[in-house]
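Peer 1: Sequence below, structure please.
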Amino acid sequence: MDEEILARLITFTDDVVLCIVLNDGRKMITNGKKILAGKIEGELASFILKESKEFLKDKKVGVKKFKDYNIYFERIDINKFLKTIGSEFVKNAITVNELLKLIENNENIIIVDVRSPREYKNETIPGAINIPLFLDEEHALIGKVYKEEGKDKAIDLGIEIFKKRLIRILNEAKKLDKNKLIVVFCARGGMRSQIMALILQLLGFNVKRLIGGFKAYKHAKDKIKN
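Peer 2: Model prediction:
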């Protein structure tokens, strides 16, 4: 599964339909009402939106034909999917629904936002503390390198910065209570939270990483409001 589709899937809380145009490999995700991810347009997109509703109700998998196109439809059980990718990305993972239940039940947890201070200050999960993997200037520089020189160069830079800042991160992490469950998150549940989860595990903490990161949390909360 390509990174764009995967990145979007991990932010959803309800079942969706993955659609693949078998003729050329184009993909889209829909909830039967609108296109949530993908670049299919026009009559083909309208046809897919209409037909996908059938798969959200009854069918799990199927192929339908529209003009010269053969389209593969598959309903994605989001809860099962998140559990699956959670075990692939990091052994101890938690879904946004599971986190919301812990918060609702006032469980003894510490929520750690590993994004930059600027991101944290702008908006975060209520009650979260900030242990940034990268500071504001560092995060901005990595983003700039990513745009101008590509992903590999940005990763290399991130590693170099991380090595220099490891002592700061360790000193902040060691202040956490080892008797509590630690839930870490970044923007999308990617590299930053994976690295922090690994550090905390090595320090002996009981830690879980939020699948989908802050974007998944915000999506879930916005849905509750509506």
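
Peer 1: all helices for the protein, in order.
Peer 2: Ranges of helices in the chain, per DSSP state H, are 3-9, 42-57, 78-89, 96-104, 117-122, 136-149, 151-173, 191-202, 213-225.

Peer 1: so which of those comes closest to Leu22?
Peer 2: Between Leu22 and the helices of the chain, the shortest separation by CB to CB is 12.3 Å, and it involves helix 42-57. Where you see a C-beta, it was placed from the backbone N, CA and C, and this is true even at glycine.

Peer 1: packing partners for the closest one?
Peer 2: Under the contact criterion of 3 or more CB pairs under 8 Å, 6 or more residues apart in numbering; DSSP states H and E, helix 42-57 touches strand 16-21, strand 27-30, strand 61-66, strand 69-76.

Peer 1: would you turn those into JSON lines with distance to Asn108?
Peer 2: Shown next, in JSON lines, are the helices and strands packed on helix 42-57 (distance: least, CB to CB, whole Å):
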{"stretch": "strand 16-21", "distance to Asn108": "34"}
{"stretch": "strand 27-30", "distance to Asn108": "36"}
{"stretch": "strand 61-66", "distance to Asn108": "42"}
{"stretch": "strand 69-76", "distance to Asn108": "33"}
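
Peer 1: Which one of the ones you listed lies nearest to Arg192?
Peer 2: Nearest to Arg192, of all those, is strand 27-30, at 24.3 Å by CB to CB.

Peer 1: quick one: strands adjacent to the closest one?
Peer 2: Strand 27-30 pairs in its sheet with strand 16-21 (antiparallel), strand 35-38 (antiparallel), by DSSP bridges.

Peer 1: worst average pLDDT in those?
Peer 2: Among those, strand 35-38 has the lowest mean pLDDT, at a mean of 82.

Peer 1: Next, find the distance separating the closest residue to Gly62 other than its chain neighbours from Glu51.
Peer 2: Among residues not flanking Gly62 along the chain, Phe73 sits closest, at 5.2 Å (CB to CB, 6 or more residues apart in numbering). Using CB to CB, to the nearest Å, we find Phe73 at a distance of 7 Å from Glu51.

Peer 1: Mind checking which of the two has more residues around it?
Peer 2: Each of Phe73 and Glu51 has its neighbours counted (other CB atoms under 10 Å); Phe73 has more, 21 against 18.

Peer 1: Could you give the bridge partners of that one?
Peer 2: For Phe73, the beta-bridge partners are Cys19, Gly62 (DSSP bridges).
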